[in-house]
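A.B. asks: everything below, folded, please.
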Amino acid sequence: MDETNSILEGHTDIEKTAYLGAIASIATADRKATEDELTYISGLCNAAGLNPDQSATVQNAATDISGTALTNNLEVLKNSNLKFSLVADLMTFAKYDSNYSEEEDESIHKIAEYLGVDQHQFSLLDQVADKATNTGIDTTQNNPQQILNGSGIKDKLENAGINSSSLLKGLVTIAAPMILSRVFSRGMGRSSGASTGGGLGGLLGGGGLGSLVGMLSGGRGLGSAGGLLGRILGGGGF
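C.D. replies: Residues are numbered from 1 along each chain as shown. Now for the predicted structure:
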């Protein structure tokens, strides 16, 4: 698979910028991104084909602790199929180390509700995240459709208004859950174990997955994003 032609393929640059900006905001939560994190975020922007101005917008989202950037990006995603990819990816990153906390679930629920993802759609995306987590990283990267095989999940997604093909354009199937699990662990509540390289290594500056995860190790996890989300998404309610 040619990753440079695959990351968020088929979506507009505005949607890509909003998606990666939301990723950057949530990953860093209530703090500014480190230089290492900004380097890897820049690599993702390059892999998505964003121009320098768009990449700068994403980088700014990673250093904005007011929540304004996240709000603006989520507003864009409300009208994009990438909102489903974002929710599924957040779930997969949080579930990856088998330590999916109530705080993380609550944070993701807040984002999903803000995006207009209903409970039935949320439940289906949760099934996709479980499948992505259990399928295996190599299989997920080389055959993204494997996530949708069995249990009639593809038809269920389509019937619920979720474009299954678009869903597979998110980072969960292109970068694999492992790639950003460490980035998200800093903003979501706990740390997870390091892993071995592969995938988008060249696009992220060489060194592969192990380099990325190792450089960003020692983080906190998605649950700690709750304070930021509460402030910008309505103080704990909608």
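A.B. asks: does residue 80 fall in a helix, a strand, or a coil region?
C.D. replies: When classified by DSSP: H, G, I helix; E, B strand; the rest coil, residue 80 comes out as coil.
A.B. asks: now the strands for the protein?
C.D. replies: Counting by DSSP state E, the chain has no strands to list.
A.B. asks: quick one, helices of it?
C.D. replies: 13-28, 35-47, 52-63, 68-77, 82-95, 102-115, 119-135, 137-142, 153-159, 164-167, 171-174, 177-188, 208-215, 226-232 (DSSP state H).
A.B. asks: need these in JSON lines with mean neighbour count, can you?
C.D. replies: Where C-beta positions appear, they are placed from N, C-alpha and C, glycine not excepted. Putting the helices of the chain into JSON lines (neighbours: other C-beta atoms under 10 Å) gives the following:
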{"stretch": "helix 13-28", "mean neighbour count": "25"}
{"stretch": "helix 35-47", "mean neighbour count": "20"}
{"stretch": "helix 52-63", "mean neighbour count": "18"}
{"stretch": "helix 68-77", "mean neighbour count": "20"}
{"stretch": "helix 82-95", "mean neighbour count": "28"}
{"stretch": "helix 102-115", "mean neighbour count": "20"}
{"stretch": "helix 119-135", "mean neighbour count": "19"}
{"stretch": "helix 137-142", "mean neighbour count": "17"}
{"stretch": "helix 153-159", "mean neighbour count": "15"}
{"stretch": "helix 164-167", "mean neighbour count": "19"}
{"stretch": "helix 171-174", "mean neighbour count": "26"}
{"stretch": "helix 177-188", "mean neighbour count": "27"}
{"stretch": "helix 208-215", "mean neighbour count": "20"}
{"stretch": "helix 226-232", "mean neighbour count": "18"}
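A.B. asks: now render the ones you listed as TSV, adding mean pLDDT and distance to residue 7.
C.D. replies: As requested, those are exported to TSV (pLDDT from 0 to 100; distance: least, C-beta to C-beta, whole Å):
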stretch	mean pLDDT	distance to residue 7
helix 13-28	89	8
helix 35-47	81	5
helix 52-63	93	13
helix 68-77	93	16
helix 82-95	85	11
helix 102-115	87	20
helix 119-135	87	16
helix 137-142	48	12
helix 153-159	91	21
helix 164-167	81	13
helix 171-174	55	5
helix 177-188	47	11
helix 208-215	32	15
helix 226-232	49	25
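A.B. asks: alright, calling it a day.
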